[in-house]
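Engineer: sequence and predicted structure, then a few things I'm wondering about:
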Amino acid sequence: MESAALSGAQRALIRQSWRRVRREPEQHGAVLFRRLFDLDPDLLPLFQYNCKQFASPEECLSAPEFLDHIRKVMLVIDAAVNHLEDLPCLEEYLRNLGKKHQAVGVKVESFSTVGESLLYMLENCLGAAFCPDAREAWTKLYEAVVQAMRRGWDALPEGI
Ligand code: HEM
């Protein structure tokens, strides 16, 4: 993972903004996923627990299993923020996470929409404090995370 791309100032901006978000991960994670389903409603059917499909984003957003997924996503972002100086130590975990998402039918392109939703959530939570420099720093960090997950897709043999 390319950690060199993040400057010291960018790492500071990321840590500072995440301090506000991490206080209420479920609430902010729900803003992220509500936005995701607004931008791409076709992602809803990918979330099925015990083979049951959700009838609406609202139903999904109130299911305990999905709330667990929200917590898992926020924990991965938290881990990235806690390892800004050493992102490569997350490489193997993220590559495997990418593989798992491919296995449940996620398309790698959908992670761009997740990125847009993440920026939306940060703006929603931080307001004016989410300045253009902070947006750029978060965009770089998210890209590094997705690049590592993408390598999980690339790692699979063809035809699987
Ligand atoms: C298009 C967006 C996404 C979809 C459709 C999706 C879907 C899923 C599904 C169906 C599962 C398995 C069931 C579950 O554990 O709830 C899962 C697991 C998981 N997802 Fe996602 N996910 C998405 C984005 C993300 C992102 C952005 C992250 C973190 C950066 C993430 C982190 C995780 C984690 C940590 C697990 C548990 C993996 C394990 O069991 O080891 N997901 N995801």
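Structural biologist: Noted; the coordinates are in hand.

Engineer: give me phi/psi at residue 86?
Structural biologist: The phi and psi torsions at residue 86 (degrees, to the nearest 10) take the values phi -150, psi 60.

Engineer: which positions in the chain make contact with the ligand?
Structural biologist: Residues of the chain that fall close to the ligand, judged by CB under 6 Å from any ligand atom: 43, 46-47, 65, 69, 72-73, 76, 97, 100-101, 104, 106, 110, 114. For glycine as for every other residue, the C-beta is placed from the backbone atoms N, C-alpha and C.

Engineer: so where do the helices sit in this protein?
Structural biologist: For the chain, the helices defined by DSSP state H occupy 8-21, 25-39, 57-61, 64-82, 91-103, 110-126, 132-155.

Engineer: for these, which one sits closest to residue 51?
Structural biologist: When the helices of the chain are compared by CB to CB, helix 64-82 sits nearest residue 51, at 12.1 Å.

Engineer: check the residues of the chain next to the ligand and tell me the two furthest apart.
Structural biologist: Checking those against each other with CB to CB, the farthest-apart pair comes out as 65 and 110, at 19.3 Å.

Engineer: looking at the two, which is more packed in?
Structural biologist: Neighbour comparison, residue 65 and residue 110: the larger count goes to residue 110, with 17 against 12 (by other CB atoms under 10 Å).

Engineer: was I right about the more buried one contacting residue 37?
Structural biologist: No. Applying CB atoms under 8 Å, one finds residue 110 not in contact with residue 37, separated by 11.6 Å.

Engineer: where do the contact lists of the two overlap?
Structural biologist: residue 43 (CB atoms under 8 Å, 6 or more residues apart in numbering).

Engineer: what does residue 6 show for phi and psi?
Structural biologist: For residue 6, the backbone dihedrals are phi -90, psi 120 (criterion: degrees, to the nearest 10).

Engineer: do you know how far residue 114 is from residue 86?
Structural biologist: Residue 114 sits 23 Å away from residue 86, going by CB to CB, to the nearest Å.

Engineer: hmm, I was thinking of residue 110
Structural biologist: The span separating residue 110 from residue 86 equals 28 Å under the rule CB to CB.

Engineer: surely residue 73 meets residue 32?
Structural biologist: Yes. Distance between residue 73 and residue 32: 7.5 Å, which falls inside the contact criterion (CB under 8 Å).

Engineer: the two: which has the busier surroundings?
Structural biologist: residue 32 (23 against 16).

Engineer: wait, the more buried one sits on residue 117?
Structural biologist: Yes. Between residue 32 and residue 117 there is a contact under CB under 8 Å: 4.9 Å.
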